[in-house]
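J.: Okay, sequence plus prediction incoming.
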Amino acid sequence: MSNVSQLHQQHDIQEQASLWISRLDRDLSDAETEQLGFWLEQSPKHHQTLLEMAAYWDDLTALNQLSTLFPLRASTKKGNRRYARFAIAASLVLVSLLSLNNLSLNNFWSSQGVHQANNQSFNTTVGEQANFMLPDGTKIHLNTDSNVTVAYTLGHRKLTLLKGEASFDVAKDKNRPFTVIVGSQSFTALGTVFNVQKNDDKAMELVVTEGRVLIAKAQQSVAQLSEMIDQDSAGSLDATIVISGEKAVIASDIEAPVIKVPLQQLQRDLAWQQGMLIFEGEPLDQALIEVSRYTATKFNIMEPHLAKLKVAGYFKAGDIDGLLASLNSNFNIVTNRNNDNVIELTSAR
(Lines give C-alpha, C1' and ligand atoms only; values in the text may rest on other atoms or scores of the structure.)
Protein backbone atom coordinates (compact mmCIF):
# COMPACT_ATOMS: atom_id res chain seq x y z
CA MET A 1 0.00 0.00 0.00
CA SER A 2 1.40 3.45 -0.90
CA ASN A 3 2.03 6.17 1.68
CA VAL A 4 -0.70 8.26 0.06
CA SER A 5 -3.22 5.43 0.42
CA GLN A 6 -2.23 4.88 4.04
CA LEU A 7 -2.66 8.57 4.85
CA HIS A 8 -6.03 8.61 3.14
CA GLN A 9 -7.17 5.53 5.04
CA GLN A 10 -6.03 7.00 8.38
CA HIS A 11 -7.86 10.25 7.59
CA ASP A 12 -11.05 8.28 6.95
CA ILE A 13 -10.70 6.41 10.26
CA GLN A 14 -10.13 9.68 12.12
CA GLU A 15 -13.26 11.17 10.57
CA GLN A 16 -15.26 8.09 11.57
CA ALA A 17 -13.84 8.22 15.12
CA SER A 18 -14.73 11.91 15.40
CA LEU A 19 -18.28 11.10 14.31
CA TRP A 20 -18.60 8.40 16.96
CA ILE A 21 -17.35 10.79 19.67
CA SER A 22 -19.95 13.39 18.66
CA ARG A 23 -22.62 10.69 18.80
CA LEU A 24 -21.45 9.58 22.22
CA ASP A 25 -21.75 13.17 23.39
CA ARG A 26 -25.50 13.12 22.66
CA ASP A 27 -25.94 9.45 23.77
CA LEU A 28 -26.15 6.46 21.45
CA SER A 29 -29.31 4.65 20.47
CA ASP A 30 -29.39 0.86 20.82
CA ALA A 31 -28.85 0.49 17.08
CA GLU A 32 -25.88 2.88 17.14
CA THR A 33 -24.36 1.00 20.07
CA GLU A 34 -24.46 -2.17 17.98
CA GLN A 35 -22.93 -0.31 15.02
CA LEU A 36 -20.13 1.09 17.17
CA GLY A 37 -19.33 -2.37 18.51
CA PHE A 38 -19.18 -3.75 14.95
CA TRP A 39 -16.96 -0.84 13.82
CA LEU A 40 -14.56 -1.36 16.73
CA GLU A 41 -14.31 -5.09 15.97
CA GLN A 42 -13.27 -4.45 12.38
CA SER A 43 -9.74 -3.34 13.21
CA PRO A 44 -7.50 -2.63 16.22
CA LYS A 45 -6.75 0.65 14.44
CA HIS A 46 -10.34 1.69 15.06
CA HIS A 47 -9.87 1.11 18.81
CA GLN A 48 -6.63 3.08 18.88
CA THR A 49 -7.89 6.00 16.80
CA LEU A 50 -11.10 6.39 18.79
CA LEU A 51 -9.17 6.59 22.05
CA GLU A 52 -6.59 8.95 20.55
CA MET A 53 -9.31 11.28 19.27
CA ALA A 54 -11.07 11.29 22.64
CA ALA A 55 -7.78 12.07 24.38
CA TYR A 56 -7.00 14.82 21.88
CA TRP A 57 -10.37 16.43 22.50
CA ASP A 58 -9.97 15.89 26.28
CA ASP A 59 -13.37 14.18 26.15
CA LEU A 60 -13.56 12.23 29.39
CA THR A 61 -17.34 12.01 29.07
CA ALA A 62 -16.98 9.99 25.89
CA LEU A 63 -14.49 7.63 27.52
CA ASN A 64 -16.78 7.17 30.49
CA GLN A 65 -19.60 6.30 28.13
CA LEU A 66 -17.42 3.81 26.29
CA SER A 67 -16.55 2.05 29.53
CA THR A 68 -20.25 1.96 30.44
CA LEU A 69 -21.40 0.70 27.05
CA PHE A 70 -18.74 -2.01 26.81
CA PRO A 71 -18.10 -3.15 30.40
CA LEU A 72 -15.61 -5.90 31.20
CA ARG A 73 -17.61 -8.96 32.24
CA ALA A 74 -16.64 -12.30 33.75
CA SER A 75 -18.62 -14.22 31.16
CA THR A 76 -16.61 -15.84 28.36
CA LYS A 77 -19.33 -15.64 25.78
CA LYS A 78 -18.12 -14.49 22.41
CA GLY A 79 -20.28 -11.37 22.57
CA ASN A 80 -18.65 -10.33 25.85
CA ARG A 81 -15.08 -11.27 24.89
CA ARG A 82 -15.60 -9.21 21.80
CA TYR A 83 -15.42 -5.94 23.76
CA ALA A 84 -13.11 -6.98 26.60
CA ARG A 85 -9.90 -5.65 25.09
CA PHE A 86 -11.55 -2.37 24.23
CA ALA A 87 -13.07 -1.96 27.72
CA ILE A 88 -9.64 -2.49 29.29
CA ALA A 89 -8.05 -0.01 26.89
CA ALA A 90 -10.76 2.57 27.49
CA SER A 91 -10.41 2.21 31.26
CA LEU A 92 -6.62 2.51 31.14
CA VAL A 93 -6.75 5.57 28.92
CA LEU A 94 -9.40 7.13 31.15
CA VAL A 95 -7.20 6.62 34.22
CA SER A 96 -4.18 7.98 32.32
CA LEU A 97 -6.08 11.05 31.18
CA LEU A 98 -7.33 11.77 34.68
CA SER A 99 -3.79 11.43 36.01
CA LEU A 100 -2.40 13.69 33.30
CA ASN A 101 -5.12 16.25 33.90
CA ASN A 102 -4.41 16.30 37.63
CA LEU A 103 -0.67 16.53 36.99
CA SER A 104 -1.03 19.40 34.53
CA LEU A 105 -3.43 21.19 36.88
CA ASN A 106 -1.02 20.84 39.79
CA ASN A 107 1.80 22.14 37.63
CA PHE A 108 -0.47 25.00 36.57
CA TRP A 109 -1.05 26.04 40.18
CA SER A 110 2.52 25.56 41.33
CA SER A 111 4.30 27.15 38.36
CA GLN A 112 3.67 30.70 39.64
CA GLY A 113 3.38 29.91 43.36
CA VAL A 114 0.30 29.22 45.47
CA HIS A 115 -0.61 32.86 46.03
CA GLN A 116 0.13 34.16 42.54
CA ALA A 117 -2.25 34.20 39.61
CA ASN A 118 -1.43 32.31 36.46
CA ASN A 119 -2.11 34.65 33.56
CA GLN A 120 -3.12 33.73 30.03
CA SER A 121 -4.62 35.68 27.17
CA PHE A 122 -6.77 34.45 24.28
CA ASN A 123 -7.90 36.48 21.31
CA THR A 124 -9.44 36.27 17.85
CA THR A 125 -9.11 38.50 14.82
CA VAL A 126 -11.96 40.00 12.80
CA GLY A 127 -13.97 37.17 11.25
CA GLU A 128 -12.28 34.49 13.37
CA GLN A 129 -13.82 32.25 16.03
CA ALA A 130 -11.87 29.91 18.30
CA ASN A 131 -12.27 27.43 21.16
CA PHE A 132 -9.97 27.22 24.18
CA MET A 133 -9.76 24.77 27.09
CA LEU A 134 -8.59 25.94 30.50
CA PRO A 135 -6.71 23.64 32.91
CA ASP A 136 -9.79 23.09 35.10
CA GLY A 137 -11.83 21.89 32.10
CA THR A 138 -13.68 25.17 31.48
CA LYS A 139 -14.32 25.79 27.78
CA ILE A 140 -14.21 29.22 26.16
CA HIS A 141 -15.68 29.92 22.72
CA LEU A 142 -14.50 33.31 21.46
CA ASN A 143 -16.43 35.20 18.81
CA THR A 144 -14.95 37.53 16.20
CA ASP A 145 -12.47 40.25 17.24
CA SER A 146 -12.50 39.28 20.92
CA ASN A 147 -9.95 39.21 23.73
CA VAL A 148 -10.12 37.57 27.16
CA THR A 149 -7.46 37.30 29.86
CA VAL A 150 -7.35 34.56 32.50
CA ALA A 151 -5.99 34.82 36.04
CA TYR A 152 -6.45 31.68 38.15
CA THR A 153 -5.50 31.27 41.81
CA LEU A 154 -6.27 28.52 44.31
CA GLY A 155 -9.21 30.52 45.65
CA HIS A 156 -10.67 32.23 42.59
CA ARG A 157 -11.01 31.88 38.83
CA LYS A 158 -11.02 35.37 37.36
CA LEU A 159 -11.28 36.30 33.69
CA THR A 160 -11.59 39.67 31.98
CA LEU A 161 -13.39 40.11 28.68
CA LEU A 162 -11.53 43.08 27.24
CA LYS A 163 -13.57 43.22 24.07
CA GLY A 164 -15.93 41.22 21.89
CA GLU A 165 -18.05 38.23 22.86
CA ALA A 166 -17.46 34.87 24.50
CA SER A 167 -19.34 31.81 25.65
CA PHE A 168 -18.18 30.07 28.84
CA ASP A 169 -18.88 26.43 29.73
CA VAL A 170 -17.71 26.53 33.33
CA ALA A 171 -16.28 23.49 35.08
CA LYS A 172 -17.94 23.04 38.48
CA ASP A 173 -15.80 23.90 41.50
CA LYS A 174 -17.77 24.97 44.58
CA ASN A 175 -14.60 26.15 46.33
CA ARG A 176 -13.47 28.53 43.58
CA PRO A 177 -15.94 31.03 42.11
CA PHE A 178 -15.64 31.70 38.39
CA THR A 179 -15.90 35.42 37.59
CA VAL A 180 -15.82 37.24 34.27
CA ILE A 181 -15.12 40.98 34.55
CA VAL A 182 -16.65 43.06 31.78
CA GLY A 183 -16.08 46.79 32.15
CA SER A 184 -17.75 47.93 35.35
CA GLN A 185 -19.64 44.66 35.92
CA SER A 186 -18.79 41.14 37.05
CA PHE A 187 -20.52 37.87 36.17
CA THR A 188 -19.94 35.05 38.64
CA ALA A 189 -20.89 31.37 38.41
CA LEU A 190 -20.03 28.01 39.92
CA GLY A 191 -21.01 25.56 37.17
CA THR A 192 -22.75 27.26 34.30
CA VAL A 193 -22.96 27.88 30.55
CA PHE A 194 -23.37 31.53 29.68
CA ASN A 195 -22.64 34.05 26.93
CA VAL A 196 -21.38 37.61 27.39
CA GLN A 197 -21.17 40.31 24.74
CA LYS A 198 -19.29 43.52 25.49
CA ASN A 199 -20.38 46.59 23.54
CA ASP A 200 -18.37 49.00 25.69
CA ASP A 201 -17.30 49.34 29.35
CA LYS A 202 -20.84 50.27 30.39
CA ALA A 203 -22.92 48.30 27.88
CA MET A 204 -23.10 44.51 27.66
CA GLU A 205 -25.44 41.55 27.35
CA LEU A 206 -25.61 38.29 29.29
CA VAL A 207 -27.45 35.15 28.17
CA VAL A 208 -27.54 32.12 30.50
CA THR A 209 -28.24 28.73 28.95
CA GLU A 210 -27.44 26.52 31.96
CA GLY A 211 -27.18 27.10 35.69
CA ARG A 212 -27.13 30.61 37.10
CA VAL A 213 -24.93 33.72 36.98
CA LEU A 214 -24.69 36.54 39.49
CA ILE A 215 -24.26 40.10 38.20
CA ALA A 216 -22.47 42.47 40.57
CA LYS A 217 -20.05 45.37 40.48
CA ALA A 218 -16.56 44.56 39.29
CA GLN A 219 -14.94 45.80 42.50
CA GLN A 220 -16.70 43.21 44.69
CA SER A 221 -14.28 41.00 46.65
CA VAL A 222 -14.02 37.24 46.24
CA ALA A 223 -15.58 36.76 49.68
CA GLN A 224 -18.54 38.97 48.78
CA LEU A 225 -19.07 37.19 45.48
CA SER A 226 -18.87 33.78 47.17
CA GLU A 227 -21.50 34.85 49.67
CA MET A 228 -23.76 36.28 47.00
CA ILE A 229 -23.67 33.27 44.69
CA ASP A 230 -24.80 31.02 47.56
CA GLN A 231 -27.88 33.12 48.28
CA ASP A 232 -31.32 32.11 47.03
CA SER A 233 -31.99 35.78 46.31
CA ALA A 234 -29.48 38.56 45.73
CA GLY A 235 -32.06 41.36 45.92
CA SER A 236 -30.71 42.79 49.18
CA LEU A 237 -27.08 42.46 48.11
CA ASP A 238 -27.05 44.97 45.25
CA ALA A 239 -26.72 42.10 42.79
CA THR A 240 -28.86 40.16 40.34
CA ILE A 241 -29.08 36.43 39.70
CA VAL A 242 -29.84 35.36 36.15
CA ILE A 243 -30.91 31.76 35.60
CA SER A 244 -31.04 29.41 32.63
CA GLY A 245 -33.10 30.75 29.75
CA GLU A 246 -32.84 34.38 30.89
CA LYS A 247 -31.12 37.43 29.45
CA ALA A 248 -29.81 40.61 31.06
CA VAL A 249 -28.99 43.80 29.17
CA ILE A 250 -26.86 46.58 30.67
CA ALA A 251 -26.64 49.98 28.96
CA SER A 252 -24.87 53.07 30.31
CA ASP A 253 -24.23 51.12 33.53
CA ILE A 254 -27.98 50.73 34.01
CA GLU A 255 -29.27 47.17 34.20
CA ALA A 256 -32.62 46.55 32.54
CA PRO A 257 -35.00 44.01 34.13
CA VAL A 258 -33.97 40.41 33.51
CA ILE A 259 -36.18 38.80 30.87
CA LYS A 260 -37.10 35.22 30.08
CA VAL A 261 -35.90 34.53 26.56
CA PRO A 262 -38.09 32.51 24.15
CA LEU A 263 -36.23 29.61 22.57
CA GLN A 264 -36.38 31.25 19.14
CA GLN A 265 -34.69 34.41 20.42
CA LEU A 266 -32.14 32.36 22.35
CA GLN A 267 -31.20 30.56 19.15
CA ARG A 268 -30.90 33.87 17.34
CA ASP A 269 -28.71 35.45 20.04
CA LEU A 270 -26.36 32.46 20.07
CA ALA A 271 -26.39 31.63 16.35
CA TRP A 272 -22.83 32.95 16.06
CA GLN A 273 -21.65 29.81 17.83
CA GLN A 274 -22.67 27.88 14.69
CA GLY A 275 -21.14 30.54 12.44
CA MET A 276 -24.54 32.00 11.53
CA LEU A 277 -26.37 35.32 11.84
CA ILE A 278 -30.15 35.34 12.15
CA PHE A 279 -32.26 38.42 11.50
CA GLU A 280 -35.98 38.58 12.19
CA GLY A 281 -37.11 42.04 11.21
CA GLU A 282 -34.20 44.18 12.39
CA PRO A 283 -33.67 47.49 10.53
CA LEU A 284 -31.07 47.24 7.79
CA ASP A 285 -28.69 49.69 9.46
CA GLN A 286 -28.66 47.60 12.67
CA ALA A 287 -28.24 44.36 10.71
CA LEU A 288 -25.24 45.79 8.86
CA ILE A 289 -23.62 46.81 12.14
CA GLU A 290 -23.83 43.18 13.26
CA VAL A 291 -22.52 41.92 9.91
CA SER A 292 -19.58 44.35 10.14
CA ARG A 293 -18.32 42.58 13.27
CA TYR A 294 -17.28 39.63 11.12
CA THR A 295 -15.52 41.40 8.25
CA ALA A 296 -13.17 44.29 7.53
CA THR A 297 -15.70 45.52 4.97
CA LYS A 298 -17.76 48.55 5.98
CA PHE A 299 -21.17 49.62 4.72
CA ASN A 300 -22.50 53.05 3.79
CA ILE A 301 -26.27 53.40 3.28
CA MET A 302 -26.57 56.23 0.78
CA GLU A 303 -30.33 56.77 1.07
CA PRO A 304 -31.88 57.28 4.55
CA HIS A 305 -35.08 55.37 3.81
CA LEU A 306 -33.10 52.18 3.13
CA ALA A 307 -31.76 52.17 6.69
CA LYS A 308 -35.19 51.28 8.13
CA LEU A 309 -35.96 48.38 5.81
CA LYS A 310 -36.72 45.23 7.83
CA VAL A 311 -34.27 42.39 7.27
CA ALA A 312 -35.03 38.72 7.90
CA GLY A 313 -33.13 35.55 7.09
CA TYR A 314 -30.22 33.26 7.91
CA PHE A 315 -26.76 34.35 6.82
CA LYS A 316 -23.34 32.80 7.22
CA ALA A 317 -21.13 35.13 9.26
CA GLY A 318 -18.74 36.91 6.93
CA ASP A 319 -20.63 35.94 3.75
CA ILE A 320 -20.88 39.42 2.27
CA ASP A 321 -21.71 38.22 -1.24
CA GLY A 322 -24.69 36.20 0.03
CA LEU A 323 -26.00 39.17 1.99
CA LEU A 324 -25.68 41.55 -0.95
CA ALA A 325 -27.40 39.09 -3.28
CA SER A 326 -30.29 38.83 -0.81
CA LEU A 327 -30.61 42.62 -0.52
CA ASN A 328 -30.67 42.94 -4.29
CA SER A 329 -33.25 40.18 -4.69
CA ASN A 330 -35.58 41.29 -1.90
CA PHE A 331 -35.22 45.08 -1.90
CA ASN A 332 -33.77 45.90 -5.32
CA ILE A 333 -30.70 47.39 -3.62
CA VAL A 334 -27.57 47.79 -5.70
CA THR A 335 -24.06 48.05 -4.28
CA ASN A 336 -20.77 49.63 -5.20
CA ARG A 337 -17.48 48.74 -3.52
CA ASN A 338 -14.96 51.60 -3.44
CA ASN A 339 -11.21 51.40 -3.03
CA ASP A 340 -11.40 51.84 0.75
CA ASN A 341 -13.22 48.51 1.16
CA VAL A 342 -16.48 50.33 1.79
CA ILE A 343 -19.69 49.09 0.14
CA GLU A 344 -22.21 51.77 -0.78
CA LEU A 345 -25.89 50.76 -0.90
CA THR A 346 -28.43 52.57 -3.08
CA SER A 347 -31.79 51.86 -4.66
CA ALA A 348 -31.77 50.52 -8.20
CA ARG A 349 -32.77 53.23 -10.70
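T.: Received it, and whenever you're ready, just let me know what you need.
J.: What spatial separation is found between N338 and D319?
T.: Distance of N338 to D319, computed by C-beta to C-beta, to the nearest Å: 20 Å. No exception for glycine: its C-beta is placed from N, CA and C like everyone else's.
J.: F187: how many residues sit nearby?
T.: Residue neighbour count, defined by other C-beta atoms under 10 Å, stands at 25 for F187.
J.: Which strand or helix spans it?
T.: Using DSSP states H and E, F187 falls within strand 185-189.
J.: Give me the distance between the two termini of stretch 311-322.
T.: Terminal residues of stretch 311-322 lie 14 Å apart, using C-alpha to C-alpha, to the nearest Å.
J.: Of N338 and D319, give the one with the bigger neighbour count.
T.: D319 (17 against 10).
J.: Show me what stretch 129-143 is in contact with.
T.: By C-beta atoms under 8 Å, 6 or more residues apart in numbering, the residues outside stretch 129-143 that reach it are 58, 101, 104-105, 108, 120, 122-124, 144, 148, 150, 152, 157, 164-171, 173, 178, 197, 272-273, 275, 293.
J.: My error: substitute stretch 192-200 in the last question.
T.: 143, 161-170, 178, 180, 182-183, 187, 204-213, 242, 269-270.
J.: May I see the buried residues of it?
T.: Using 16 or more other C-beta atoms under 10 Å as the test for burial, stretch 192-200 gives 192-199.
J.: Quick one: work out the angle between the helix or strand just after the strand holding F187 and strand 185-189.
T.: The element immediately downstream of strand 185-189 (helix or strand, assigned by DSSP H and E) is strand 193-200. Interaxial angle of strand 193-200 relative to strand 185-189 (axes from the mean of the first three to the mean of the last three C-alpha atoms, to 10 degrees): 170 degrees.
J.: Sheet-wise, list the partners of the following helix or strand past strand 193-200 with their directions.
T.: Remark: after strand 193-200, the chain's next helix or strand is strand 203-210, criterion DSSP H and E. Strand 203-210 pairs in its sheet with strand 193-200 (antiparallel), strand 246-251 (antiparallel), by DSSP bridges.
J.: want to throw those into TSV with mean pLDDT?
T.: Formatted as TSV, the strands paired with strand 203-210 follow (pLDDT from 0 to 100):
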stretch	mean pLDDT
strand 193-200	92
strand 246-251	90
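J.: Specify the stretch among the ones you listed that is closest to L51.
T.: strand 193-200 (27.0 Å; C-beta to C-beta).
J.: Show residues contacting the strand or helix carrying K158.
T.: Using DSSP H and E, K158 sits in strand 157-169. Contacts with strand 157-169, where a contact means C-beta under 8 Å, 6+ apart, come from 117, 124, 136, 138-152, 173, 176-182, 189, 192-198, 270, 272-273.
J.: re the thing from before, D30: which of the buried residues of stretch 192-200 is nearest?
T.: Among the buried residues of stretch 192-200, and counting by C-beta to C-beta, the member closest to D30 is V193, at 29.0 Å.
J.: Surely A307 forms part of a strand?
T.: No - read with DSSP: H, G, I helix; E, B strand; the rest coil, A307 is helix and lies in no strand.
J.: and it, how far is that from G281?
T.: Applying C-beta to C-beta to A307 and G281 gives a distance of 14 Å.
J.: how many neighbours does L50 have?
T.: Neighbours around L50, by other C-beta under 10 Å: 28.
J.: Also V261?
T.: 19.
J.: Verify the contact between it and D269 for me.
T.: Yes - contact between V261 and D269 holds when scored by C-beta atoms under 8 Å: they sit 7.2 Å apart.
J.: what touches both of these two?
T.: What both V261 and D269 touch, as defined by C-beta under 8 Å, 6+ apart, is the set 207, 247.
J.: Could you list the low-confidence segments of this protein?
T.: Residues of the chain meeting the criterion pLDDT under 70: 1-12, 22, 24-27, 52-118, 190-191, 229-237.
J.: how about 50 then?
T.: Flagging of the chain using pLDDT under 50 yields the residue ranges 1-8, 57-59, 72-85, 87-89, 91-117.
J.: how is it carved up into domains?
T.: 3-109, 119-264, 275-347 (automatic domain parsing).
J.: Check those for me and report the most buried one.
T.: domain 119-264 (a mean of 17; mean count of other C-beta atoms under 10 Å).
J.: Do me a favour and get the end-to-end distance for that domain?
T.: Using C-alpha to C-alpha, one end of domain 119-264 lies 37 Å from the other.
J.: follow-up on the earlier one: quick one, which of the strands paired with strand 203-210 is nearest to S347?
T.: Using C-beta to C-beta, these put strand 193-200 closest to S347, at 30.6 Å.
J.: I'd like the next helix or strand past the helix or strand that contains W20.
T.: Taking DSSP H and E as the criterion, W20 maps to helix 3-25. Next in sequence after helix 3-25, counting helices and strands by DSSP H and E, comes helix 30-42.
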